[in-house]
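J.: no sequence on this one, just coordinates:
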């Protein structure tokens, strides 16, 4: 039985870029690189769908999360937990 050929990401990018240029049809590109025409279309679509992610800003933003109610709920929970801890542990003075 014949194994499927694994194509490198560089090869896929090269084929997809050629398809995006639209100088040749998918069938012509496929015959040039000896692959199935469906792969040319698939790789082109993947590049077009994921192209915007190349330019995303990877830095963390210091802004508040989208749901302020969720943050408020978390903060109230944390305040309650800290209050219980302060009341539970003795302060070290004899007045309590």
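T.: Sure thing, it's come through. Remember, it's a predicted structure, so these values are computed and weren't measured experimentally.

J.: what's the distance between the residue nearest the centre of the chain and residue 4?
T.: What sits nearest the mean C-alpha location of the chain, by Cα atoms, centre = their mean, is residue 53, with 8.0 Å. Relative to residue 4, residue 53 is positioned 27 Å away (criterion: Cβ to Cβ, to the nearest Å). (Each C-beta comes from the backbone N, C-alpha and C, glycine too.)

J.: so which elements touch the helix of greatest length in the chain?
T.: Longest helix of the chain, by residue count under DSSP state H: helix 68-88. Helices and strands touching helix 68-88, as assessed by 3 or more Cβ pairs under 8 Å, 6 or more residues apart in numbering; DSSP states H and E, are absent.

J.: run the chain-centre distance for that helix.
T.: Centroid separation for helix 68-88 versus its chain: 32 Å, with Cα atoms, centre = their mean, to the nearest Å.

J.: repeat that for stretch 22-40.
T.: Computed by Cα atoms, centre = their mean, the chain-centroid distance of stretch 22-40 equals 29 Å.

J.: helix/strand/coil for residue 35?
T.: coil (DSSP: H, G, I helix; E, B strand; the rest coil).

J.: cool, residue 4 as well?
T.: Following three-state DSSP, residue 4 is assigned to coil.

J.: quick one: it from residue 29, how far?
T.: Going from residue 4 to residue 29 by Cβ to Cβ gives 20 Å.

J.: which of the two has more residues huddled nearby?
T.: A direct count of neighbours by other Cβ atoms under 10 Å for residue 4 and residue 29 places residue 29 higher, at 22 against 5.
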